[in-house]
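In: got a structure for you, letters missing:
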């Protein structure tokens, strides 16, 4: 057995190590066009930000160490230029010597990864404009920041890399403006959750320009002039372009392998391409969504590692399948954490999949133990049986733990009723007796059981001022601290029962509080007292996350936030 692997890092290096563990006698050659066969991509921004101090800590293994441990022929600075499928050979170019040669194979694995999108803009080649994909990119950005001590930067794109670069540049004392072409940062999120993130970024003095793209770059003395499509002119010392990535498919495409509509190499559940002797893994592939079975691309290290292992199993005669991806992800944003798993509301709508949504805001641990932080949880689930379809969480402490629990529940085809029942670890420093995951399950299950009837933020501007009464059940001091909704009737929850006689039974009441719990209690009081009621899911805080979107869609609404 002779196995050639094109590309290292998460998918290729994992596959090579697994293949050797399964077959001590196979000839395995790994080609890497750069110097580094396995490095921590996700750690690159943190080295630039001086959070990770030692560059060598980002090197998972070196070519020599990998070669010595696994007896694998590692060839760095070697680019596979073409594949001859009929002859079962590849043409390799040694980038140091310039010489080319051919190598035969029994099985071939492609792990070329993805490349940053570099938009064809005027001035994009200027020396103080950077992408971040690999160690050399990181070194160039770090050297520029160390040498020039920049005061300002424009980060183009508000996705994972964009937010991580923004944070780490701020750590270095650089003022940052994010320019995002779409409506909000973190496009994988839904509007109201992204609104919470944007508000937090502004607290950290990161400017966020949304719904505006970059038109051009130009030199302005030693600085950089950035012009946006809507006519803004931003002058900065450097720009980081993080507008997305695309599967690196040239090699596969030139070889006649099937490419999917999203540009990824099409593979089956065994990670086999349209050629039975060629496999592909990682960011370059089109794989399956775990929940829908539809094709998708997921440029994440976790799935790439699993795919490398699965492909090696099948190459070496074991039967192993990749069951799909949930796209579970987490990102640190200063002192906060953002995480998601499964399908977003925008995807569910686009694919016409029925769903319900609930919002909860819970403490990371017991409120009486110092340091408890609130986290916002959006849970998406099937209306017929409560099967969990997705979740988004934003907060500080404990967000990663809860998204992992929900991702595990989705993988196990669990429902919101299971979330109610989960017995999760509890001690005051770590959680509450009713964990935030349990609380999310309670709120969702209440919807299915009919114990609550909600309206969500999207329905806010559809309310009829003549017939619908917004009922604010927060305490008076909260209105002064957080703001209020113009036109809302204010009755603190503890006064509601005694003031029911003053309400109009012909009206529909929409109770709300800060985060949803007291609004739900008020809703239960109202419906059991003969009133028509709908609970505003997620309360005032969720509405604040959607404020900008709502104002854009309905600027003339008489029901809006006031001081």
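Out: Structure's in. What do you need? All of these numbers come straight from a predicted model, not from anything done at the bench.

In: where in the protein is pLDDT low?
Out: 551-563 (pLDDT under 70).

In: Following the chain onward from the host helix or strand of residue 28, which element is next?
Out: Per DSSP states H and E, residue 28 falls inside strand 27-32. Of the helices and strands lying after strand 27-32 in sequence (DSSP H and E), the nearest is strand 38-39.

In: Sheet partners, orientation included, of that following strand?
Out: strand 59-61 (antiparallel) (DSSP bridges).

In: circling back: how about the strand holding residue 28: buried residues?
Out: For strand 27-32, burial by neighbour count (16 or more other Cβ atoms under 10 Å) applies to 28, 29, 30, 31, 32. Yep, even glycine has a C-beta here, placed from its N, CA and C like the rest.

In: One more: stretch 13-27?
Out: 13, 14, 15, 16, 17, 18, 19, 20, 23, 26.

In: Any chance you could list what contacts that stretch?
Out: 1-3, 5, 8, 28, 30, 37-38, 60-61, 66, 70-73, 109, 111, 281, 304-305, 308-309, 311-313, 315-318 (Cβ atoms under 8 Å, 6 or more residues apart in numbering).

In: Show me which of the residues you listed are buried.
Out: Those of the contacts of stretch 13-27 that meet the buried threshold are 3, 5, 8, 28, 30, 37-38, 60-61, 66, 70, 72, 109, 111, 281, 304-305, 308-309, 311-313, 315-316, by 16+ other Cβ under 10 Å.

In: Quick check: strands, which of those are part of them?
Out: 3, 5, 28, 30, 38, 60, 61, 109 (DSSP state E).

In: tell me which of these is nearest to residue 198?
Out: Closest approach to residue 198 among these (Cβ to Cβ): residue 60, at 34.0 Å.

In: so who does the residue most central in space within the chain touch?
Out: Centroid check for the chain by Cα atoms, centre = their mean gives residue 329 as the closest residue, at 4.9 Å. With contact set as Cβ under 8 Å, 6+ apart, residue 329 has these partners: 160, 188, 300, 339, 340, 341.

In: any chance you could map the helices in the stretch 401-550 of the chain?
Out: 416-421, 436-449, 476-482, 493-496, 517-527, 539-545, 547-553 (DSSP state H, counting those that start in this stretch).

In: for the stretch 51-200 of the chain, same thing?
Out: 63-70, 135-148, 160-171, 191-203.

In: What residues of the first one count as buried?
Out: In other words, helix 63-70. 63, 66, 67, 70.

In: cool, stretch 113-128 as well?
Out: So, applying 16+ other Cβ under 10 Å, buried residues of stretch 113-128: 113, 114, 115, 116, 121, 123, 128.

In: The nearest residue to the last one once chain neighbours are set aside: neighbour count?
Out: What that stands for is residue 128. Counting by Cβ to Cβ, 6 or more residues apart in numbering, residue 128 lies nearest to residue 238, which is 4.6 Å off, once chain neighbours are set aside. Using other Cβ atoms under 10 Å, residue 238 has 22 other residues around it.

In: For residue 238, name its beta-bridge partners.
Out: Beta-bridge partners recorded for residue 238 (DSSP bridges): residue 153.

In: Tell me if I'm right that it and residue 224 touch.
Out: Yes. Using Cβ atoms under 8 Å, residue 238 is in contact with residue 224, at 6.7 Å.

In: Now list whatever residues contact both of those two.
Out: Counting by Cβ under 8 Å, 6+ apart, the shared contacts of residue 238 and residue 224 are 128, 129, 154.

In: how many neighbours does the second one have?
Out: If I follow you right, that is residue 129. 19.

In: List the contacts of the closest residue to it other than its chain neighbours.
Out: The shortest distance from residue 129 to any non-neighbouring residue, by Cβ to Cβ, 6+ apart, is to residue 239 (4.8 Å). Residues in contact with residue 239 (Cβ under 8 Å, 6+ apart) are 128, 129, 130, 153, 154, 155, 156, 217, 224, 226.

In: okay, those in CSV with distance to residue 395 next?
Out: Formatted as CSV, the contacts of residue 239 follow (distance: Cβ to Cβ, whole Å):
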residue, distance to residue 395
128, 36
129, 34
130, 31
153, 27
154, 28
155, 23
156, 27
217, 36
224, 35
226, 33
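
In: Which member of those residues is positioned nearest residue 447?
Out: Of the contacts of residue 239, the one sitting nearest to residue 447 (Cβ to Cβ) turns out to be residue 155, at 38.6 Å.

In: Go ahead and confirm the closest one touches residue 176.
Out: Yes. Residue 155 is within contact range of residue 176, at 5.9 Å (criterion: Cβ under 8 Å).

In: list the residues that contact both of these two?
Out: In contact with both residue 155 and residue 176: 166, 169, using Cβ under 8 Å, 6+ apart.

In: Neighbour count: those two, which is higher?
Out: Each of residue 155 and residue 176 has its neighbours counted (other Cβ under 10 Å); residue 155 has more, 27 against 24.

In: any idea how far residue 433 is from that one?
Out: 42 Å (Cβ to Cβ, to the nearest Å).

In: cool, residue 266 as well?
Out: Residue 266 is 48 Å from residue 433, by Cβ to Cβ.

In: same thing with residue 122?
Out: Distance from residue 122 to residue 433, by Cβ to Cβ: 60 Å.

In: Now for the spatially closest residue to residue 444 that is not a sequence neighbour: which residues touch it?
Out: Sequence neighbours aside, residue 416 is the residue nearest to residue 444 in space, at 3.7 Å (criterion: Cβ to Cβ, 6+ apart). Residue 416 makes contacts with 379, 381, 386, 388, 440, 441, 444, 445, 448, as judged by Cβ under 8 Å, 6+ apart.

In: Residue 83 contacts residue 255, doesn't it?
Out: Yes. Using Cβ under 8 Å, residue 83 is in contact with residue 255, at 3.9 Å.

In: who has more neighbours, these two?
Out: Remark: of residue 83 and residue 255, residue 83 carries more neighbours, 24 against 19, as counted by other Cβ under 10 Å.

In: what sits opposite the more buried one in the beta ladder?
Out: In beta-bridge terms (that is, DSSP bridges), residue 83 pairs with residue 90.

In: got the contact list for it?
Out: 89, 90, 91, 108, 251, 252, 254, 255, 278.

In: Of the residues you listed, select the buried ones using a PyMOL command.
Out: Selection of buried members from the contacts of residue 83 for PyMOL, criterion 16+ other Cβ under 10 Å:
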select buried, resi 89+90+108+251+252+255+278
